[in-house]
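Asker: prediction below, plus the sequence it came from.
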Amino acid sequence: MHGVMAHNRCVQWLYSLVASKFRHVVKTALKLLLVFVEYTDENSLLLIDAITAVDSSNSRQPWHNVMRILQDFDASDTELLIYATSLINKCLNNIPDRNVYYDHVDALQDQDMDDIIQLYMAKQGTDLDLLRQLQIFEAVLLYEDGDETAALK
């Protein structure tokens, strides 16, 4: 793990695999990135740097590859959606700098994260684990915005 941590290009490569057209590759990349982020809190920041580097080199907003997964409303593989939202939550929750946190939240919201959340919440039969991850995203954002009572609902 320390070898991966020391080479951000490897993390960038793993993140770029999230854009693969092959679901199995995407799922494996997301799983590996989740393991990487869960290994130590600092890895979230390394992944965020990798995400920013990959997406900016392609003239895209940060989190573009992950958001493409969430924007696929006809996705039959709910595990992909759960892994994607879990990765977002784990990374955002480990950002110590409030300005950097809001930069990434803004990038997600610019890519219609709020609409995506509402769609999945309103969609009948949405997986409970996915709903939980989406609720966590909303609750943490409300808490960061200072609305602690709304976050507890």
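Answerer: In hand now; what should we look at? Only a predicted model underlies this, so the values are computations on that prediction, with no experimental measurement involved. Residues are numbered from 1 along each chain as shown.
Asker: pull the contacting residues for Leu108.
Answerer: Residues counted as contacts of Leu108 (CB atoms under 8 Å, 6 or more residues apart in numbering) are 63, 67, 88. All C-beta atoms are positioned from the backbone trio N, CA, C, and that covers glycine.
Asker: and which of those residues is nearest Leu32?
Answerer: Closest to Leu32 out of these is Ile88 (15.8 Å), distances taken as CB to CB.
Asker: which strand or helix spans the residue nearest to the spatial centre of the chain?
Answerer: What sits nearest the mean C-alpha location of the chain, by CA atoms, centre = their mean, is Ile88, with 2.3 Å. In this structure, Ile88 is located in helix 78-93 according to DSSP states H and E.
Asker: buried ones in that helix?
Answerer: Residues of helix 78-93 classed as buried under the neighbour-count rule (16 or more other CB atoms under 10 Å) are 80-92.
Asker: next structured bit after it?
Answerer: Once helix 78-93 ends, the next helix or strand along the chain (criterion: DSSP H and E) is helix 98-110.
Asker: okay but the residue nearest to the centre of the chain is in contact with Val140, surely?
Answerer: No: counting by CB atoms under 8 Å, Ile88 stays clear of Val140, with 10.3 Å between them.
Asker: just confirm Leu47 contacts Leu34, I think it does.
Answerer: No: taking CB under 8 Å as the definition, Leu47 is not a contact partner of Leu34, at 9.8 Å.
Asker: quick one: mean pLDDT for stretch 74-81?
Answerer: Taken as a whole, stretch 74-81 has a mean pLDDT of 86.
Asker: distance between the ends of it?
Answerer: For stretch 74-81, the first-to-last residue distance is 11 Å (CA to CA, to the nearest Å).
Asker: now it, how far from the chain's geometric center?
Answerer: Once both centres are worked out by CA atoms, centre = their mean, to the nearest Å, stretch 74-81 turns out to sit 14 Å from its chain's centre.
Asker: any idea how far the residue nearest to the centre of the chain is from Val4?
Answerer: Using CB to CB, to the nearest Å, one obtains 20 Å as the distance from Ile88 to Val4.
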